[in-house]
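Q: predicted model follows, preceded by the sequence.
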Amino acid sequence: LILREVKMKNLTKIILMLFSLFFYTSSIKAEVTYSCWNCMMLLIDGEGNPEGARVDYNAKGGPELTVTNYPYGDYLQALQLNMISGTSDDLMAFQVGAMINQYAEYLEDLTPYCEKEWGSNWKDKFLSVGIDQVTVDGKLVALPQVMSAAGALWYNQTILDQYNLSAPANWDEWISVSNTLKDNGVIGFMHGAKDSWVNYDMFIGIANELDPGVIYEAEAGNASWTHDSLVKAMSMWGEMFSNGIMQEGALGNAQYPDTHQGFTSGNAAMMTMGTWNNFSTFTNEGIKGSKASYGFSEDFKYGITGLPDMNGDGKHGRLFASPDVSIGMSASSSNKDEAWNALKVIIEDLQPTYARDLWVPSMNGVAFDMSDATSNFAKAALEYELGMIKNAYGKREFTYAEIKTALGDAMQNVAVGNMTPLQAMEMVEEASQ
């Protein structure tokens, strides 16, 4: 009898230990890990306080989430090491194009999760241009968190009004307006030509305005990079440095902070930038931060339009868009169900949060929250921007790193006069082979 009682006590201990182990394992699995460089306000600060989007994430019942924020360069190194070794976090942030293509084989196919969550027509919930760019060889490797549209000309109407000018509608007006402002001691158009990323935006914008889609056909290998319209686009890029559009010293200026500060603080009348600039110029909270950072106090009327007409059709250039951040799930994650639950909250439930900061939503049916817009002029600009977004064409990011590098080098060489436009595009064509 005593022996039986001892055995029963031991059995009870074993059962309790197994139950505790199961409970502990389940609690561990409930935590989802996410690494990113642009974490979209999902962090918790050093004092344990959640940032804006994290507050809403918690309110939406998202699983426990541990977020690791890296500087961009460090993130690239960590991503390469962890993805290949199978030690990455459950969720990771990606740029579309070269980055996401490089790691597609290590990412979970999210199509079954989307179908289970939203049904067979789940794609209808998203902007198609976003889903297309997170699909690699037919595999849905990530979901777009927010979108960024580029190819826009931002202008300061307050400055233009001082000289009875309007935002340029075509190439000749762009030259004329820039030079008129220059003659009056004002920078007309300012550009951070030191940075390849904004130069790519400019080139894609010019190329798509001249002959929509040819640049994407060239990237896919279905057209030559020496196509007449692409050589023409490179020629117009070069002309900007001699015809008065580009400010003096453009090749030594970065887009951030140089150009952004120059435009936002009223020292330049125009710049090219994307929709990610909305918050810092169109909201009271954002402009307050800009004034504090850049040391100005004036209230300006900022506007946005497409690049000026360059092909003679009388229409501004169209915006082009890509996911600003996309999020994938590691195929080696042992916590996929909870990782999906976290991803679903981040992607779907927080769209109104992103819209409050005037990010372009990645899902259909989500409008900008203009409750903090600085003025009716800003609201009108945002409404106009939404119309341009609906008419956006093409993508921002290139798929192949070799093409990006060659195009960046080509643009620099043409800008300083070391290459003709044709020679530059021949270099890009060679890199594409």
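A: Yes, it's here.
Q: the longest strand along the chain - which strands sit beside it in the sheet, and in what orientation?
A: In terms of residue count, the longest strand belonging to the chain (DSSP state E) is strand 320-329. Strand pairing for strand 320-329, determined by DSSP bridges: strand 91-94 (antiparallel), strand 143-150 (antiparallel).
Q: the following helix or strand past it: which residues count as buried?
A: Using DSSP states H and E, the helix or strand that follows strand 320-329 in sequence is helix 336-344. Neighbour counts using 16 or more other Cβ atoms under 10 Å place Lys336, Glu338, Ala339, Trp340, Asn341, Ala342, Leu343, Lys344 of helix 336-344 among the buried residues. Yep, even glycine has a C-beta here, placed from its N, CA and C like the rest.
Q: what's near enough to touch the fifth one?
A: The reference is to Asn341. Contact analysis of Asn341 by Cβ atoms under 8 Å, 6 or more residues apart in numbering lists Val32, Gly62, Pro63.
Q: as a check, name the ranges of all helices in the stretch 301-433 of the chain.
A: 336-344, 351-356, 376-390, 401-415, 421-432 (DSSP state H, counting those that start in this stretch).
Q: and what of the stretch 1-150 of the chain?
A: Going by DSSP H, counting those that start in this stretch, the stretch 1-150 of the chain shows helices at 2-29, 52-59, 72-85, 98-103, 111-118, 128-133.
Q: what's the angle from the third one to strand 320-329?
A: Translated: helix 72-85. Counting by axes from the mean of the first three to the mean of the last three Cα atoms, to 10 degrees, helix 72-85 lies at 50 degrees to strand 320-329.
Q: any regions of the protein where pLDDT drops low?
A: Applying pLDDT under 70 to the chain flags the ranges 1-30.
Q: nearest spatial neighbour of the spatially most central residue of the chain, chain-adjacent residues omitted?
A: Taking Cα atoms, centre = their mean, the centroid of the chain lies closest to Asp324, which sits 2.2 Å from it. Of all residues not flanking Asp324 in the chain, Ser148 sits nearest, at 3.9 Å (Cβ to Cβ, 6 or more residues apart in numbering).
Q: what count of nearby residues applies to that neighbour?
A: 21 (other Cβ atoms under 10 Å).
Q: and what of Asn121?
A: Count around Asn121 with other Cβ under 10 Å applied: 8.
Q: quick one, phi/psi of it?
A: Asn121 adopts backbone torsions of phi -100, psi 30, taken as degrees, to the nearest 10.
Q: how about the contacts made by it?
A: By Cβ under 8 Å, 6+ apart, Asn121 has no neighbours at all.
Q: using JSON lines, please lay out the strands paired with strand 320-329 together with distance to Asn413.
A: Listed next are the strands paired with strand 320-329 as JSON lines, based on distance: least, Cβ to Cβ, whole Å:
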{"stretch": "strand 91-94", "distance to Asn413": "30"}
{"stretch": "strand 143-150", "distance to Asn413": "23"}
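Q: touching, the residue nearest to Asp324 and Met273? I think so.
A: No - judged on Cβ atoms under 8 Å, Ser148 makes no contact with Met273 at a distance of 10.2 Å.
Q: any idea how far Asp349 is from the nearest residue to Tyr113 once chain neighbours are set aside?
A: With Cβ to Cβ, 6+ apart as the criterion, Tyr113 has its nearest non-adjacent residue at 4.9 Å, and that residue is Trp340. Using Cβ to Cβ, to the nearest Å, Trp340 is found at 13 Å from Asp349.
Q: for Lys404, see how far away the closest residue in space to Ser371 that isn't next to it in sequence is.
A: In space, and not counting its chain neighbours, Ser371 is closest to Arg356: 7.7 Å by Cβ to Cβ, 6+ apart. Distance of Arg356 to Lys404, computed by Cβ to Cβ: 33 Å.
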